[in-house]
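S.K.: sequence first, then the predicted structure:
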Amino acid sequence: MALRIEDYGLIGDTQTAALVGRDGSIDWLCLPHFDSGACFAALLGDPGNGRWLIQPSEPVRGGGRRYRPNTLVLETDFETEGGAVRLIDFMTPRRDEPDLIRVVEGLRGEVHMRMELIIRFDYGSIVPWVRKMDGWLRAIGGPDAVSLWSAVPTHGQDPTTQAEFVVRAGDRVPFVLMWHPSHAPSPPPIDPLHALEDTTAWWAEWCGRGGYDGPWREAVVRSLITLKAL
């Protein structure tokens, strides 16, 4: 079932942005800039046009979502019969090449998860060549390339990248996706958990510069964050 536009949350690095559905699927992302071709374009078509899905593989009974206060770090909770997990999505403020980081955090119990990565450059028209490296993946299509780092074992199927894993209370399972030109080597991976704290602090510091402290402060700050992201 297709999601409504209001079912998406925005994350970004001030030079591009992604739309994250309540179901844990990133259905829109242009890399490396806003005016670049999309590598995830399921929003305009179907999963075959590209998406990145992380969600429980068992029935979801409840949950919720929110931004961390004064940040563009998005948190989505999933409740299942066996436990609860939190999916944390963000992009670090742009320095060199863009990155997209997802962290699955175990809240209680044990939850079986699945990951499906469908990379389709140029709005779904280019199916990349994917090569499995030592602990990471590299996908190349035309002038674009992305690399994926994760400790979770992945496998190719039809032609997508998939994984199944279990998250228990206290676990943190990160995934790091980084874009780079296809003629250049993959950039060095970043520490996702340090990046999470740095990104949270960056947005909080930026929001702290504002002088408005009226009754609508929360709405004003959220609007300013969105404008800054764009």
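M.R.: Now that the structure is in, tell me what you want to look at.
S.K.: now do the helix or strand encompassing Met178: everything it contacts.
M.R.: Here Met178 sits within strand 172-181, counting by DSSP states H and E. Here strand 172-181 makes contact (Cβ atoms under 8 Å, 6 or more residues apart in numbering) with 31-32, 39, 52, 54, 97-106, 113, 115, 117, 143-152, 165, 167, 186-187, 189-190, 192-193. In short, each C-beta sits where N, CA and C put it, glycine included.
S.K.: show the buried residues in those.
M.R.: Buried subset of the contacts of strand 172-181 (neighbour count, 16 or more other Cβ atoms under 10 Å): 31-32, 39, 52, 54, 97-106, 113, 115, 117, 144-150, 152, 165, 167, 186, 190, 192.
S.K.: coming back round to it: go through the contacts of strand 172-181 and flag which are in helices.
M.R.: Pro192, Leu193 (DSSP state H).
S.K.: send the alpha carbons of the strand holding Met178 over as CSV?
M.R.: Written as CSV, here are the backbone C-alpha positions of strand 172-181 (Å, rounded to 0.1, in the frame of the first residue of the first chain):
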residue,chain,number,x,y,z
ARG,A,172,22.9,-0.7,18.2
VAL,A,173,23.2,-1.9,14.6
PRO,A,174,24.4,0.8,12.2
PHE,A,175,24.4,1.1,8.4
VAL,A,176,26.4,3.7,6.5
LEU,A,177,25.8,4.6,2.9
MET,A,178,28.1,7.1,1.2
TRP,A,179,28.1,8.5,-2.4
HIS,A,180,31.1,9.2,-4.5
PRO,A,181,32.0,9.7,-8.2
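S.K.: ok, longest strand in the protein?
M.R.: Counting residues, the longest strand in the chain under DSSP state E turns out to be strand 99-118.
S.K.: chain center to the following helix or strand past that strand: distance?
M.R.: For strand 99-118, the following helix or strand on the C-terminal side (DSSP H and E) is helix 121-124. Helix 121-124 sits 17 Å away from the centroid of its parent chain (Cα atoms, centre = their mean, to the nearest Å).
S.K.: which elements pack onto helix 121-124?
M.R.: In this structure, helix 121-124 packs against strand 38-40, with contacts taken as 3 or more Cβ pairs under 8 Å, 6 or more residues apart in numbering; DSSP states H and E.
S.K.: sec struct for the residue nearest to Met115 when sequence neighbours are not counted, please.
M.R.: Counting by Cβ to Cβ, 6 or more residues apart in numbering, Ala163 is the residue found nearest to Met115 once chain neighbours are left out, at 4.3 Å. The assignment at Ala163 comes out as strand when based on DSSP: H, G, I helix; E, B strand; the rest coil.
S.K.: burial measure for Glu110, as a count.
M.R.: Applying other Cβ atoms under 10 Å, we find 14 other residues in the vicinity of Glu110.
S.K.: beta-bridge partners for it, please?
M.R.: Beta-bridge pairing of Glu110 under DSSP bridges involves Arg168.
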